[in-house]
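**Student:** need coordinates for the below:
(one chain, ligands or ions: 1)
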Amino acid sequence: MSRRPLIAANWKMHGTLESVQAYLETLVRRVPVAGPEVVLCPPFTLLPAAVMIASGSEVAIGAQNCHWEDKGAFTGEVAPTMLADLGIHWVIVGHSERRQYFGESDQTAAARAQAAQRAGLEVIFCLGETLEQREAGETMAVLERQSAVLAGLDPSHLAIAYEPVWAIGTGRTATTMQAQEAHAALRRRLAGLFGTEAAAALRILYGGSVKPDNAAVQLAQPDVDGALVGGASLDLEGFCAIIHAAPGGRRGAEE
Ligand code: PEP
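**Tutor:** Numbering: from 1, shown residues only. The predicted structure follows:
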């Protein structure tokens, strides 16, 4: 049982056809062989071009959201089957910006993740506490509640992103101790949901103002298996530096 580090870029609502082309053409050449798994999640409009450019490379392409139905009268939504049809391998679900601005709940996030897995996609499921919740000492209770809905998912096609809301886009990152404490608690929780072996194989990414200068220390924590990178992933050099900060190869239960 082992965990290959996973470094995912969340471009949010940024990027143009020209920028994704230039970025990916270089990124595919810079990803180290036998290094971490690398996923780029640009906006929906850039997915076809990204899939084409990354085809045959070590870089996988992901979407930032998907609907919970495969088709139907859901104007403006994108079905996970449509993403799979396009050659997409990953999808981010339950991001705090979806929870904060678009009414995402634990239940809708779970429904999206289940539909994504049914369509054959790998899911990055995001969770994390707000500043008020942390200051009220509720972090572990929040993580317990948010992770309860994971029970219906297949752990072998799942990665968790622990993203404290107060650290996203703020420049304020969790300390390595805060991150490791939350990740270890989540892994215990996942062991309760899926069993010890599955939990030991599941990757838990840290997200929240990861930058080239703090990536290495976060990624060195025993239960931090990668990073979900927002702002810093828009800069190719910065994102490459974060990829190179990840410990090479695999680690996990056999260590
Ligand atoms: C994110 O969007 O998931 C994120 C962690 O953003 P940032 O790195 O900008 O904090």
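**Student:** how about the residues of the stretch 51-200 of the chain by the ligand?
**Tutor:** Residues of the stretch 51-200 of the chain lying near the ligand by C-beta under 6 Å from any ligand atom: 163, 168, 169. Any C-beta I mention is one placed from the backbone N, CA and C, and that applies to glycine too.
**Student:** most neighbours among those residues, which one?
**Tutor:** The member of these that has the most neighbours, counting by other C-beta atoms under 10 Å, is residue 163 with 28 neighbours.
**Student:** quick check, it in contact with residue 124.
**Tutor:** No - with contact defined as C-beta atoms under 8 Å, residue 163 does not count as touching residue 124 (10.1 Å).
**Student:** how about the helices in the stretch 51-200 of the chain?
**Tutor:** For the stretch 51-200 of the chain, helices defined by DSSP state H, counting those that start in this stretch occupy the ranges 80-86, 96-101, 106-118, 131-135, 139-148, 176-194, 196-201.
**Student:** out of those, which is closest to residue 38?
**Tutor:** The stretch from the helices of the stretch 51-200 of the chain with the least distance to residue 38 (C-beta to C-beta) is helix 80-86; that distance is 18.2 Å.
**Student:** how about that closest one: buried residues?
**Tutor:** If you call a residue buried by 16 or more other C-beta atoms under 10 Å, then helix 80-86 has these buried ones: 80, 81, 82, 83, 84, 86.
**Student:** again, but for stretch 102-109
**Tutor:** By neighbour count with 16+ other C-beta under 10 Å, stretch 102-109 contains the buried residues 104, 106, 108, 109.
**Student:** not including adjacent chain positions, what is the nearest residue to the last one?
**Tutor:** By that I understand residue 109. Nearest-residue entry for residue 109: residue 94, 3.3 Å, with adjacent residues in sequence omitted and distances by C-beta to C-beta, 6 or more residues apart in numbering.
**Student:** from the ligand, how far out is that neighbour?
**Tutor:** From residue 94 across to the ligand, the span is 11 Å (C-beta to the nearest ligand atom, to the nearest Å).
**Student:** could you do residue 235 as well?
**Tutor:** Counting by C-beta to the nearest ligand atom, the gap between residue 235 and the ligand amounts to 11 Å.
**Student:** that residue: what's it in contact with?
**Tutor:** By C-beta atoms under 8 Å, 6 or more residues apart in numbering, residue 235 lies in contact with nothing.
**Student:** tell me the residue of the stretch 101-250 of the chain that sits nearest the ligand?
**Tutor:** Ranked by C-beta to the nearest ligand atom, the top residue of the stretch 101-250 of the chain for proximity to the ligand is residue 230, at 2.1 Å.
**Student:** thinking that residue is in contact with residue 12, fair?
**Tutor:** Yes - with contact defined as C-beta under 8 Å, residue 230 reaches residue 12; the gap is 6.1 Å.
**Student:** more crowded one of those two?
**Tutor:** Neighbour comparison, residue 230 and residue 12: the larger count goes to residue 230, with 23 against 18 (by other C-beta under 10 Å).
**Student:** contact partners for the more buried one?
**Tutor:** So residue 230 contacts 10, 12, 168, 169, 207 (C-beta under 8 Å, 6+ apart).
**Student:** what is the first one paired to in the beta sheet?
**Tutor:** With DSSP bridges applied, the residues forming beta bridges to residue 10 are residue 41.
**Student:** ok, back up a step: overlap in contacts of residue 163 and residue 124?
**Tutor:** By C-beta under 8 Å, 6+ apart, residue 163 and residue 124 have these common neighbours: residue 228.
**Student:** list the buried residues for the helix-or-strand element of the chain with minimal mean pLDDT?
**Tutor:** Lowest mean confidence among the helices and strands of the chain (mean pLDDT, DSSP states H and E): helix 131-135, at a mean of 95. For helix 131-135, a neighbour-count test (16+ other C-beta under 10 Å) marks 133, 134 as buried.
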